[in-house]
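Participant: need a structure here:
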Amino acid sequence: MTGEGGARVLVVDDQPANIRLLEAILVPRGYTVLTAVSGEEALEVIATSDVDLVLLDIVMPGLDGYEVCRRIREQADTAYLPVVMVTASGDEQKVRALEAGADDFLGKPVNQSELLARVASLARIKRYQDTIRRQAAELAAWNRELESRVETQVAELERMGRLRRFLSPQLAELIVDSGDESFLESHRREIVVVFCDLRGFTTFAEASEPEEVMGVLKDYHEALGDLIFRFEGTLERFAGDGLMVFFNDPVRCDDGPLRAIRMALAMRTRVRGLAEAWARQGHDLALGIGIAQGYATLGKIGFDGRLDYAAIGSVTNLASRLCDAAEPWQVLVSERVFSAAGPLVVGEDAGARELRGFSRRVTTFSVRGVDNSRTVS
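Facilitator: Sure, this is the predicted structure:
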């Protein structure tokens, strides 16, 4: 017979002869035997060593076996450590041992077969306890890891929600995956700004019920929002029927002017379709769009709990003024945008205009479309 998985047995007895006897029985069967000659020493060994089972004499100087057993049970990490009381007395000692928390008894003189059977049985129970404890620890670790993952995912979703307010979903996911938001800090860059609003909206809003106005805005925002994300523009804000989008920040794009014009034309086409439906309801609404290019300071603005990504600079005012100057369904762009967009853009000179807030007249172009068949030289 071999010891249960090499179990470590602590033999506690103030008589060295008794200890040697138990060692002589257990060690040849594969058990590792630790020894203590007093209750105090036994508690010290238990506190500093891995012990699977205790063979505990009752009558010892100092702490007796009862007190040692009680103290073992008081400690959370040893509360279920198997303890076998070794006694030469009868039922009275057994009752006191049970009250102290003992699991089993051995009578003196020790019967070798009985000793081995009881030790093997309790060592097996201890192994099961260790397995349960290890599995419980693993389960607790998995739970902590799961909670950590959930917290991380919730944080990512919150970040994603914030970023999606002004970035395309693809870009928002890229930022969340990379964990890098440094480019959202304040910086200066050349951008292309698109500004648009509805012609006739003020009159419509004054004459309509709020629910009707909200319905028109809902259709309008949904239609343009989809195009903003599709062209990977950065949405700065919706303000009623006014909308501002810019390109080349935070993600750079080499074709900002052309991409802005393509998006503006797509917006015009889509809103024309909405306007037909609005017209059948008696609403006369049209779209005007202005596009300008220039340097701006960009970055997050706001406060914790409410942040926006904004562009500050005269280029945003210029786009807004061009939008104001545009005729219904006209895409009015600055000369810089028209030149930078390249030969694919079809349009004509719309003249030099005086725009509020600008001391010099601004040369403008009216864009009619994009001809993809044109060769780029």
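
Participant: from now on I want contacts and neighbour counts done on CA atoms only, so please keep to that.
Facilitator: OK.

Participant: can you pull the buried residues of stretch 290-300?
Facilitator: Neighbour-count burial for stretch 290-300 flags 290-296, 298-299 (criterion: 16 or more other CA atoms under 10 Å).

Participant: then stretch 41-58?
Facilitator: 42-43, 45-46, 51-58.

Participant: looking at those, which is nearest V11?
Facilitator: Relative to V11, the closest of the buried residues of stretch 41-58 is L55; by CA to CA it sits at 4.8 Å.

Participant: immediately after the helix or strand containing the closest one, which helix or strand?
Facilitator: Per DSSP states H and E, L55 falls inside strand 53-57. Per DSSP H and E, the first helix or strand lying C-terminal to strand 53-57 is helix 65-74.

Participant: between that next one and strand 53-57, how big is the angle?
Facilitator: Calculated by axes from the mean of the first three to the mean of the last three CA atoms, to 10 degrees, helix 65-74 forms an angle of 150 degrees with strand 53-57.

Participant: what are the buried residues along helix 65-74?
Facilitator: Result for helix 65-74 [16+ other CA under 10 Å]: buried residues 65-70, 72-73.

Participant: same question for whatever helix or strand comes next after it, mean pLDDT?
Facilitator: Using DSSP H and E, the helix or strand that follows helix 65-74 in sequence is strand 83-87. What strand 83-87 shows for mean pLDDT is 89.

Participant: and what of stretch 151-158?
Facilitator: On average, the pLDDT along stretch 151-158 is 81.

Participant: CA atoms of it as PDB?
Facilitator: Taking C-alpha atoms only, stretch 151-158 is exported to PDB below (Å, rounded to 0.1, in the frame of the first residue of the first chain):
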ATOM      1  CA  GLU A 151     -15.700  46.400 -17.800                       C
ATOM      2  CA  THR A 152     -13.300  46.800 -20.700                       C
ATOM      3  CA  GLN A 153     -16.000  46.100 -23.200                       C
ATOM      4  CA  VAL A 154     -18.400  48.500 -21.600                       C
ATOM      5  CA  ALA A 155     -15.700  51.200 -21.500                       C
ATOM      6  CA  GLU A 156     -14.900  50.500 -25.200                       C
ATOM      7  CA  LEU A 157     -18.600  50.800 -26.000                       C
ATOM      8  CA  GLU A 158     -18.800  54.100 -24.200                       C
END
